[in-house]
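> Turn this into a structure:
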Amino acid sequence: CLRVNHGANTMADAFTIAQHRTLVARKPHQINPSRIGQKNCGCPSCYQDRTLLKCEHPGNFVETAKRLVNSTLPKWNPTTPNVDLGEELALSEEKRELNNQPIEVD
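Numbering: from 1, shown residues only. Below is the predicted model:
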């Protein structure tokens, strides 16, 4: 359903789907106590998916997209902060000073 009905072909697509919100701003998409996405959810995203994309279980595909995003390695996961390697790869003060000195040739 993610690929066929919703056109999710990349991680960016899955991430967008996983971010679907309900009518209440910034409230995550709801799932019922049985852990199954609500079939009759009335949020705009689910309503649109049901009517335009013919998705039978819009709440379920949101949860599937979340699991897909969360299963990726941190390097590729858009929800994890980027690790800045600049400090680890930067030259120490001593090495920087050595680089500023001319090389002596015999």
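
> On the pLDDT front, check residue 34 for me.
Per-residue confidence for residue 34 comes out at a pLDDT of 46.

> just how off-centre is the worst-scoring helix or strand of the chain on mean pLDDT within its chain?
Using mean pLDDT, DSSP states H and E, helix 86-89 stands out as the lowest-scoring helix or strand of the chain, at a mean of 70. Taking C-alpha atoms, centre = their mean, to the nearest Å, one finds helix 86-89 lying 26 Å from the centre of the chain it belongs to.

> and what of stretch 97-106?
47 Å.

> what does stretch 3-23 give?
10 Å.

> Could you pull out the buried residues of that stretch?
By neighbour count on 16 or more other C-beta atoms under 10 Å, the buried set for stretch 3-23 is 6, 8, 11, 13-15, 17-20, 22. (C-beta placed from N, C-alpha, C; glycine too.)

> For the chain, which segments count as helices?
Assigned helices in the chain, in chain order: 11-18, 44-52, 58-70, 86-89, 93-100 (criterion: DSSP state H).

> Can you list the low-confidence ranges for the chain?
Across the chain, the ranges flagged by pLDDT under 70 are 21-39, 83-86.

> thinking again about what came up before, can you say which of the helices of the chain is packed in most?
A comparison of these by mean neighbour count, using mean count of other C-beta atoms under 10 Å, puts helix 58-70 on top with a mean of 20.

> what helices or strands is it leaning on?
When contacts are defined as 3 or more C-beta pairs under 8 Å, 6 or more residues apart in numbering; DSSP states H and E, helix 58-70 sits against helix 11-18, helix 44-52.

> To residue 91, which of those helices lies closest?
helix 11-18 (34.2 Å; C-beta to C-beta).

> and that closest one with helix 44-52, angle?
On the basis of axes from the mean of the first three to the mean of the last three C-alpha atoms, to 10 degrees, helix 11-18 is oriented at 110 degrees to helix 44-52.
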